[in-house]
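Chemist: need a structure here:
(chains A and B)
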Amino acid sequence: DSGVTQTPKHLITATGQRVTLRCSPRSGDLSVYWYQQSLDQGLQFLIQYYNGEERAKGNILERFSAQQFPDLHSELNLSSLELGDSALYFCASSVEGQGVEAFFGQGTRLTVV
Amino acid sequence: SQQGEEDPQALSIQEGENATMNCSYKTSINNLQWYRQNSGRGLVHLILIRSNEREKHSGRLRVTLDTSKKSSSLLITASRAADTASYFCATDGDNYGQNFVFGPGTRLSVLP
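Modeler: Residues are numbered from 1 along each chain as shown, chains lettered A, B, ... in the order given. This next block holds a predicted model:
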C-alpha cells in the first residue's frame, strides 16, 4: 500500500460527459502529480501541484483541469470526453526536494464509450 | 515530454536468466530512478541513483549510471516469473520543471 488513494477505481462514461477523479496523497506529502497512461503506453505527465499551487504543467488538454485543495487532496476534471481519453489516470505524491521517491496510487481506469 | 527512453521496448527471458534494460536521457540530471509496474497497477519505486554515483545495488537489482553517455541500465539477476512487469526509468527536471519524467518503459516477460 503506497498510501495514495485514488477514487473511483473504474469509471465508464459516454462521450461528451464530464468526470472528476480524486486523489488523496500520502500523509505529509505536499506534491501531487497526475499522469495519463493509454494502453501499452508510457506515462504522460499532465500536471503537478505543490501545497495548493500549480507547480508544473505537461501536455494537459484544455478540456482537462485540476486543483489541489487545502487538505491536500487533488481532483482531476475531464470534460467533453472523447473516446481517445480512455486511459488509466494515475496520481502520485511526494515530499518536496530532489532525489525523492514518488508514491503512486492504483489508478482510475476511465473508459469512454 | 519524455526525457527517458528505455530499450528494449520488450524483453522475454527464461526464469533464472538475467534481464538488462537500458535507459537513455537527453538533459543533465541530478538523479535517476527506476520504477516497476505490474499490469494495470500503480508504479512502485525500485531504486534511485544520484548523478555522482556510478553503480548501486539493491537485492537482485543492479543499476549503473553513465552521465557522460546519458544512460543508465537496470540489471535483474536470477529472474523469477514474479519479475514479469513493465520497468520505467524516471529522471528529474526538464523544460516543464517536472520532478519525474518517465520513459515509455520496457515490458519484461519472465517465462517459467
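Chemist: ok, for residue 100, nearest residue in space, not its chain neighbours?
Modeler: Just going to use chain A. Spatial nearest neighbour of A:V100, excluding adjacent residues (C-beta to C-beta, 6 or more residues apart in numbering or on different chains): A:S94 at 4.9 Å. Every residue, glycine included, has its C-beta placed from N, CA and C.
Chemist: nope, chain B please
Modeler: Nearest non-adjacent residue to B:F100 (C-beta to C-beta, 6+ apart): B:A90, at 4.6 Å.
Chemist: Backbone dihedrals for the one you found, please?
Modeler: Main-chain dihedrals, B:A90, degrees, to the nearest 10: phi -140, psi 130.
Chemist: cool, A:R63 as well?
Modeler: For A:R63, the backbone dihedrals (degrees, to the nearest 10) come out as phi -70, psi -10.
Chemist: residues contacting it?
Modeler: A:78-81 (C-beta atoms under 8 Å, 6 or more residues apart in numbering or on different chains).
Chemist: Take the residues you listed and lay them out in a markdown table including distance to chain B and pLDDT.
Modeler: Conversion of those to a markdown table gives the following (distance: C-beta to the nearest C-beta, whole Å; pLDDT from 0 to 100):
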| residue | distance to chain B | pLDDT |
| --- | --- | --- |
| A:L78 | 19 | 98 |
| A:S79 | 23 | 98 |
| A:S80 | 24 | 98 |
| A:L81 | 20 | 98 |
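Chemist: Need the max-distance pair from those.
Modeler: Pairwise distances across the contacts of A:R63 peak at 8.4 Å for A:L78 and A:S80 (criterion: C-beta to C-beta).
Chemist: Between the two, which contacts overlap?
Modeler: Contacts common to A:L78 and A:S80, judged by C-beta under 8 Å, 6+ apart, are A:18, A:63.
Chemist: and chain B, which residues reach chain A?
Modeler: Within chain B, the positions near chain A by C-beta under 8 Å from any C-beta of the partner chain are B:1-2, B:30-31, B:33, B:35, B:40-45, B:48, B:50, B:88, B:90, B:92, B:96-105, B:107.
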